[in-house]
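J.: Sequence first, predicted coordinates after that:
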Amino acid sequence: MFVSSTLRELADERRAARTAIERMRLAPVMFELGARPHPPRELYRSYLEQSDVFVGIYWESYGWIAPDGDVSGLEDEYNLAPRGMPKLIYIKASTHREERLTALLARVRDDDTAAYFTFETADELQDRLADDLATLFAERFEESRAEQPAAASEDSAVTRMPAAYTRIIGRDRAIEQVVSLLRDRATRVVTICGPGGIGKSRLAIAVAEAAAPLFPDGIVFVPLENVLEPELLLSTIGYALGIRETTGLQLEERLALALDKRRLLFVLDNFEQIVSAAPILVRLFTIAPDAAFLVTSRVVLRIRGERVFDVDPLPTNDPESPDSIGRARNAAAIELFAERARAANPEFELTDANLAPVVEICRVLEGVPLALELAAARIRLLGPADILRRLDRQLALLVDASRDVPLRQRTLRSTIEWSAELLDPSSRRLLMELAVYSPGFTLASVEAMGRLREWDFDVFESLETLVDSSLVHQDDVDGQAAFSLLVSVREYGVEDLAATGQEDAVRDAHAAVYTAVARAEAENLGTGDQLAAVARLTLERGNLRGAVRHLAARADAETACDVAWRLFVFWWVGGYLLEVAVWLQAILDRTGAVASSREQAIVAFYAGWRDAWTTHRPGIAPILLDAAKEFESEGDMLGVAMATTTAGVAEINSPAPDVAAASRWLSEGAEAFRRADVGWGECLALVALGRIALLMGRHDDATELFRRGAEASRACGERFAGTVALHHVGRMMLLSDRLDDAEDAYLESLSGSVALRHEEGIAYCLEGLSAVAARRRDARRAGVLAGAAASIRRRTAAIDADAFVYHVRFLDELRATDAAAELAEGEAEGLEFGSFEAARFAERDARRLVSP
């Protein structure tokens, strides 16, 4: 859902639109820096091409017009929307509308692909948009229901690759060479090697796209830029695959299961961050014998099986006539500069008059792509001759001043410095201080930093300047604007902060911003605002990680442990417990004996929680009970509840469990959670008790415990624990042959799992719904759902205990009838479904058929 509007005058309406769209589990695309016809134009053109519906919200302002532009970004977005795209247009009542907006709205009225509505309040807009979307998609569904849905998996090919918003230039031969290396099955690792700014990541994306036919099971992009701990390499790869850390097996075992007989390509980007983890890749050769690894790195890994491809700068001349200015016109560096210049200023054209300075700019910058892009971004304000004159003079000084650095790295660093020097003081300061941010930060977080650092400038306008100058990249993540600095730009900024003695102060402020984010969002994690909180924390997880690292470096164990503790639900939902345990142990290693008993208890809890779910070793419960005593001594009753409950879970999962003790601890934990009014925790404890009752054959008790767990979750509005309780409720209804009630419970659980993007939860619900369909003798539906669930479990290695695998018996009963062939066909079809495609199938086709 592409949402177009001015930003500042319609902030409340934008929030209302986002709420309406997300309420229908659709994806809003919204750019928090507004619509502009310079560099982001290619970005929103790309998103428009991928969007299904255009939502325009207009009031009084026509919007900003870029220098040398003819229309505002607002009108430009409308113009770029594909002709056949449905358009929902909402006009807020006004008597002071700008003349050009009035003219635009007159055009809209004549557009037969646009539906035109008026509104007065944000609440009215929210309700109207939700209703209109429901109507629109109902109409589209009726039109297309006779068509067979595509079976392309959302988990294959290049769906996990980051979008490339600009075409790659001058790398055709390089792409062919690297693809040729990957075509050889004996090649396990290809390292695309080169200095910062040379275009390694962009080349890797292009190679992955070209090599997709060689890897029928998919391509998985694994960003490593913010991963500094070598021991987190495997878990980071697991996250990219959708493998969570709560499935009862060691991580390497789960990876081996998930990757067995799968021909996958892993793209490991920015490996130089953890080059000491390179030997782990050799272990992956055994775990994933059919997988290949495409690595980008500034340094060679030097491991067995590695093939190295060095990335050269783009050519700046015609090799047949190196000195010819005219024949250099078609050189890749000149082509790149010209294209990026046109993105900055649509009026720019490469002409005989400006060719010579453009060629000389590219030669001075030695064909380094990032340097060329930074220089081209200045074409809005400076002509090529002016750029060359200023650039040539400053580069000579800066390059000479750093002769201990390789030439191309000097050139790139000097270009970044030149670009920064052209900024106004406020924008330059903002750039330097943003250098402490990890990729994926929000405007709200930058504004929070500004308040702490007492910036005396308009953050919005300065950030807009940095985006326009190609120094900050703006992206859209699930409808929310996210910003990043390229590695080379960030390194430059950190060096500047260190040289001026400001790095610690800026990092302190960054840590304070994300401590506040953690504490604020923690309040929402167990409530009806859980989905939004999880989305915000997921987007900025790299910055949370960076903040904790800085707190650890500062030996501030109290704050770091507090952040980790408050975000327990987030780590649990995301499956990040191994990572948190690593961070916290690092904190204790730094602080040693100065850590308080509460901090020791938090670290022990996380280690115990992780081990309770991922190992079967004895002795975990006593450690957790000791942690509960420490929490009690500190007056932290939530800590008592969590540690006591987890002790019960650990005991049940141990090799020789004491069922009575486990049940007692779980009951105590459930009661403690109930007294603290923590519904997700009470739900968790009750579900664990219900599973014990089910194993002991006490079906009525199990049903009641699962039902109470679901009610506790609903009462506080959270979704994740509730999805777990609900698919257990569905199971009990199914075993009692209450098929309608079972289907309702599974569908409610499925809705929550989809919203949280929790694939294991989706698998449980699909299995339950397949069993319901089998009981109703709907063989194709049963097969499709069972096949899709099996595919998810295989891909994510989400293995359930045999005692809790129940849907198979219902499928086997159906398989023994004359519907066996139809069931098998459905299973084969379902194996090709992606997780969310299967969920849509389950929700769309849910129906209650009377069994014969």
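T.: Sure thing, it's come through. Numbering: from 1, shown residues only.
J.: Show me how far stretch 207-224 is from its chain's centre.
T.: Using C-alpha atoms, centre = their mean, to the nearest Å, we find the averaged C-alpha position of stretch 207-224 to lie 18 Å away from the chain's own average C-alpha position.
J.: Repeat that for stretch 509-525.
T.: With C-alpha atoms, centre = their mean as the basis, the distance from the averaged C-alpha position of stretch 509-525 to the chain average is 19 Å.
J.: Only C-alpha atoms, please: export it in CSV.
T.: Output of stretch 509-525 as CSV, limited to C-alpha atoms (Å, rounded to 0.1, in the frame of the first residue of the first chain):
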residue,chain,number,x,y,z
ALA,A,509,24.1,9.7,24.1
HIS,A,510,23.4,6.9,21.6
ALA,A,511,23.3,4.4,24.4
ALA,A,512,21.0,6.6,26.4
VAL,A,513,18.6,6.9,23.4
TYR,A,514,18.3,3.2,23.0
THR,A,515,18.1,2.6,26.7
ALA,A,516,15.1,4.9,26.6
VAL,A,517,13.7,3.1,23.5
ALA,A,518,14.1,-0.3,25.3
ARG,A,519,12.3,0.9,28.4
ALA,A,520,9.5,2.6,26.5
GLU,A,521,8.8,-0.3,24.1
ALA,A,522,9.2,-2.8,27.0
GLU,A,523,6.0,-1.3,28.4
ASN,A,524,4.2,-2.3,25.2
LEU,A,525,5.6,-5.8,24.7
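J.: Could you pull out the buried residues of it?
T.: Residues 509-515, 517-518, 521-522, 524-525 are the ones in stretch 509-525 that count as buried (16 or more other C-beta atoms under 10 Å). C-beta here means a position set from N, CA and C on the backbone, and glycine is covered the same way.
J.: now the strands for the stretch 151-300 of the chain?
T.: With DSSP state E, counting those that start in this stretch as the criterion, the stretch 151-300 of the chain has strands at 189-193, 219-223, 265-269, 292-297.
J.: The third one pairs with which strands, parallel or anti?
T.: This points to strand 265-269. Pairing partners of strand 265-269, with direction, according to DSSP bridges: strand 219-223 (parallel), strand 292-297 (parallel).
J.: neighbouring contacts of it?
T.: Strand 265-269 is contacted from outside by 161, 182, 201, 204-205, 208, 211, 214-215, 218-225, 237, 240, 291-296, using C-beta atoms under 8 Å, 6 or more residues apart in numbering.
J.: phi, psi of the residue lying closest to Pro657 once chain neighbours are set aside?
T.: The spatially closest residue to Pro657, leaving aside those adjacent along the chain, is Glu651, at 5.3 Å (C-beta to C-beta, 6 or more residues apart in numbering). The phi and psi torsions at Glu651 (degrees, to the nearest 10) take the values phi -70, psi -40.
J.: follow-up on the earlier one: I'd like the buried residues of stretch 509-525 as CSV, with distance to Trp613 appended.
T.: Below are these laid out as CSV (distance: C-beta to C-beta, whole Å):
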residue, distance to Trp613
Ala509, 36
His510, 32
Ala511, 29
Ala512, 33
Val513, 32
Tyr514, 27
Thr515, 27
Val517, 27
Ala518, 23
Glu521, 24
Ala522, 22
Asn524, 24
Leu525, 19
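J.: if you go through this structure in chain order, where are the strands?
T.: 2-4, 54-58, 87-92, 114-119, 189-193, 219-223, 265-269, 292-297, 306-310, 473-477, 480-484 (DSSP state E).
J.: Next, format the ones you listed as JSON lines and append distance to Asp172.
T.: Output for the strands of the chain, formatted as JSON lines (distance: least, C-beta to C-beta, whole Å):
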{"stretch": "strand 2-4", "distance to Asp172": "32"}
{"stretch": "strand 54-58", "distance to Asp172": "35"}
{"stretch": "strand 87-92", "distance to Asp172": "38"}
{"stretch": "strand 114-119", "distance to Asp172": "41"}
{"stretch": "strand 189-193", "distance to Asp172": "15"}
{"stretch": "strand 219-223", "distance to Asp172": "20"}
{"stretch": "strand 265-269", "distance to Asp172": "19"}
{"stretch": "strand 292-297", "distance to Asp172": "17"}
{"stretch": "strand 306-310", "distance to Asp172": "14"}
{"stretch": "strand 473-477", "distance to Asp172": "25"}
{"stretch": "strand 480-484", "distance to Asp172": "27"}
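J.: Check the ones you listed for me: which has the lowest mean pLDDT.
T.: When the strands of the chain are compared on mean pLDDT, strand 473-477 scores lowest, with a mean of 79.
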